[in-house]
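Student: pasting the structure only:
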RNA sequence: GCGCUCGUAGCUCAACUGGAUAGAGUACUUGGCUUCGGACCAAGGGGUUACAGGUUCAAAUCCUGUCGGGCGCACCA
């Protein structure tokens, strides 16, 4: 189904016999609603673009076929600008949203393609901090965007429960009984134990041998250390599950590194035979220097497995067992070289499917880089609690009469939305310098602003028994400039989703929603809806109802928790 | 050293991927509730897009160089 704007563009292209046309939107509504830049056209015809625009405006202006779509067509410099007929626009936009509802904005670009998206690759035995939140918010949102573009997108997570960080944590846990004796939350405790261990090992490297012993004990899957590993691993996994559940994140599969080591070692043996991996300086590596990708160590000199062992096996399984067409990894930008290496290895083995690394820059603190080794981090629990507490106070202020449960529920939904929105509103290639002050501010470009606009809109709708489906609406009642701007904005939603999906860029959705709410707030202040004449009131209610639908759809793409009242 | 990346208003970020007068938020100044929810809205000041060249009808955007920040480059994950 063609969107309203796509239909208009197609009509214009047809009249002008254009195969590809470069449509854009004028910077302000005085200039027009839709624009065609005439530079390329003029070049082909060896004409002056401004003169060509005048010619085209004259010839199109008298075309009967375009009369019902455009109120006016005129040249503005080298641009051919179209003023869309408001009634056509309103009826087109509103009826397509009526039809599509929560599917409005979706497209079929990815139909038939299966993409697995791996994100939230948490490390067990380490703290969960704001950096992880950026990953999870981004991954979830990209998954939603790809689904909206028709892909069969499968969100998965790969938990690193088997690296040297685990051995370090267990080593410290065993030698210092204070951790086991503590009553603090186990998930938190493991993170603390790990950062302490890192510090000790840095100062006293002579303990390294003990850590290696533990690493080997875990790999052998026998003995006391292995039992402790099983127990502590379980705490971390349960903790991750609780985080996913409270943030509203769902994975189709969760893979664990420990489950891929055996298959990985077998694959490594095969790759040594085929010459893709070689022995070097006592270790096993992939030598990719001829591709300018350096060297990837896979097995340590002491014979223990490095991270790529499990990851190679998992990557292979995604193609062989899950038959995905494309494998996306959402991982911090620092792993860029590693993923180029991984993709190259699979290319060399002969896989046709695509491996794609979607990177994002990290979250730092004003004092400097976060690192769970040094303990210089803002952990998720701390952030969540601070935001929640403040939102409970703010909500209580406004709703004396609500029960504590209700206040808490609303404040919690807003907390989740705030955290995710803060992570998504900045484009992925920007470093986020995180500070509490900004995170606790609820005005301006924030999730609270969006949700507040939506709640206010819904409170109008609630007062009327009006249905988009049963009520007759005269669309020519909508004559305000602000109504036209709102209509054009929501008409552009489908192309926004398409673009954001192609670029894997949720920040564009965030920005769009913010602008839409700004338009609505402006409209709300300037125009009365419920006190308008009956016909006009119906038309305005129809308009704000579709605005609500678009906001709802956009919130879902970003993974925000929608609240009706706040 | 090699490679990647970023540099836009005091601060935090946009700019439809080469197009119209570089826009938002925040901070600052001022104004708006007997009207549908003030977690709101309106107005104002604030810019040599790090710098220097180049490409073209057109450059924040592309190319070259310089300066500055960040990151990665063999047993971390």
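Tutor: Great, that's in hand. The shown structure was predicted, so the numbers you read here are calculated from the model rather than taken from an experiment.

Student: need the contact list for residue A:280.
Tutor: Applying C-beta atoms under 8 Å, 6 or more residues apart in numbering, we find residue A:280 in contact with A:287, A:295. (Glycine included, C-beta is placed from N, CA and C.)

Student: partner residues bridging it?
Tutor: Going by DSSP bridges, residue A:280 is paired in beta bridges with residue A:283.

Student: quick one: pLDDT of it?
Tutor: Here, the pLDDT recorded for residue A:280 equals 95.

Student: Would you check how far apart it and RNA strand B are?
Tutor: Relative to RNA strand B, residue A:280 is positioned 3 Å away (C-beta to the nearest atom of the strand, to the nearest Å).

Student: What residues of the host helix or strand of residue A:390 count as buried?
Tutor: Assigned by DSSP states H and E, residue A:390 belongs to helix A:380-398. For helix A:380-398, the buried set under the neighbour-count rule, 16 or more other C-beta atoms under 10 Å, comprises A:380-381, A:383-384, A:387-388, A:390-392, A:394-395.

Student: Just send the residues you listed back as CSV, with distance to residue A:359 and pLDDT too.
Tutor: Formatted as CSV, the buried residues of helix A:380-398 follow (distance: C-beta to C-beta, whole Å; pLDDT from 0 to 100):
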residue, distance to residue A:359, pLDDT
A:380, 21, 93
A:381, 27, 92
A:383, 23, 93
A:384, 26, 95
A:387, 27, 96
A:388, 30, 97
A:390, 32, 96
A:391, 32, 96
A:392, 36, 96
A:394, 36, 95
A:395, 37, 96
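
Student: rewinding a little: let me know whether the helix holding residue A:390 sits next to RNA strand B.
Tutor: Yes. Helix A:380-398 reaches RNA strand B (C-beta under 7 Å from any atom of the strand) through A:391, A:394-395, A:398.

Student: list the contacts for residue A:219?
Tutor: A:261, A:304-305.

Student: out of those residues, which is most surrounded?
Tutor: The most neighbours of any of the contacts of residue A:219, using other C-beta atoms under 10 Å, belong to residue A:305, which has 22 neighbours.

Student: Spatially nearest residue to that one, not counting backbone neighbours?
Tutor: Computed as C-beta to C-beta, 6 or more residues apart in numbering, the closest residue to residue A:305 that is not its neighbour in sequence is residue A:261, at 5.7 Å.

Student: The one you found and residue A:162 touch, don't they?
Tutor: Yes. Counting by C-beta atoms under 8 Å, residue A:261 does reach residue A:162; the two are 6.4 Å apart.

Student: Show me whatever sits in contact with both of the two.
Tutor: With contacts defined as C-beta under 8 Å, 6+ apart, the residues adjacent to both residue A:261 and residue A:162 are A:305, A:310.

Student: Would you format the contacts of residue A:219 as CSV with secondary structure and pLDDT included?
Tutor: Below are the contacts of residue A:219 laid out as CSV (DSSP: H, G, I helix; E, B strand; the rest coil; pLDDT from 0 to 100):
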residue, secondary structure, pLDDT
A:261, helix, 94
A:304, coil, 90
A:305, strand, 92
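
Student: Make CSV from the residues you listed and add distance to RNA strand B to it.
Tutor: Below are the contacts of residue A:219 laid out as CSV (distance: C-beta to the nearest atom of the strand, whole Å):
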residue, distance to RNA strand B
A:261, 12
A:304, 7
A:305, 8
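
Student: between these, which is nearest residue A:465?
Tutor: Set against residue A:465, the nearest of the contacts of residue A:219 by C-beta to C-beta is residue A:261 (62.0 Å).

Student: residues in contact with the closest one?
Tutor: By C-beta under 8 Å, 6+ apart, residue A:261 lies in contact with A:162, A:219, A:305, A:309-310, A:313.

Student: And for residue A:2?
Tutor: So residue A:2 contacts residue A:10 (C-beta under 8 Å, 6+ apart).

Student: a helix runs through it, doesn't it?
Tutor: No. Using DSSP: H, G, I helix; E, B strand; the rest coil, the secondary structure at residue A:2 is coil, not a helix.

Student: which element is residue A:71 on?
Tutor: Going by DSSP H and E, residue A:71 is in strand A:70-76.

Student: so what strands line up beside the very next helix or strand once past that strand?
Tutor: Once the chain leaves strand A:70-76, the next helix or strand it forms, by DSSP H and E, is strand A:79-84. The pairing partners recorded for strand A:79-84 under DSSP bridges are strand A:34-37 (antiparallel), strand A:70-76 (antiparallel).

Student: most packed of these?
Tutor: Comparing the strands paired with strand A:79-84 by mean neighbour count (mean count of other C-beta atoms under 10 Å), strand A:34-37 ranks first with a mean of 20.

Student: who touches that strand?
Tutor: A:5, A:8-9, A:12, A:21-26, A:49, A:78-82, A:84.

Student: Do any residues in that strand lie close to RNA strand B?
Tutor: Yes. Residues of strand A:34-37 contacting RNA strand B under C-beta under 7 Å from any atom of the strand: A:35, A:37.

Student: helix or strand right after that strand?
Tutor: Once strand A:34-37 ends, the next helix or strand along the chain (criterion: DSSP H and E) is helix A:39-45.

Student: Who are the packing partners of the helix or strand that comes right after that following helix?
Tutor: Next helix or strand after helix A:39-45 toward the C-terminus (DSSP H and E): helix A:49-61. Applying 3 or more C-beta pairs under 8 Å, 6 or more residues apart in numbering; DSSP states H and E, we find helix A:49-61 packed against helix A:4-16, helix A:39-45, strand A:70-76, strand A:79-84.

Student: and these, which one's lowest on average pLDDT?
Tutor: Among these, helix A:39-45 carries the lowest mean pLDDT (a mean of 86).

Student: and that one, which residues are buried?
Tutor: Quick answer for helix A:39-45 (16+ other C-beta under 10 Å): A:41-42.

Student: Low-confidence ranges, chain A, go.
Tutor: A:375 (pLDDT under 70).

Student: Residue A:155 - how many residues pack around it?
Tutor: Neighbour number of residue A:155 under other C-beta under 10 Å is 25.
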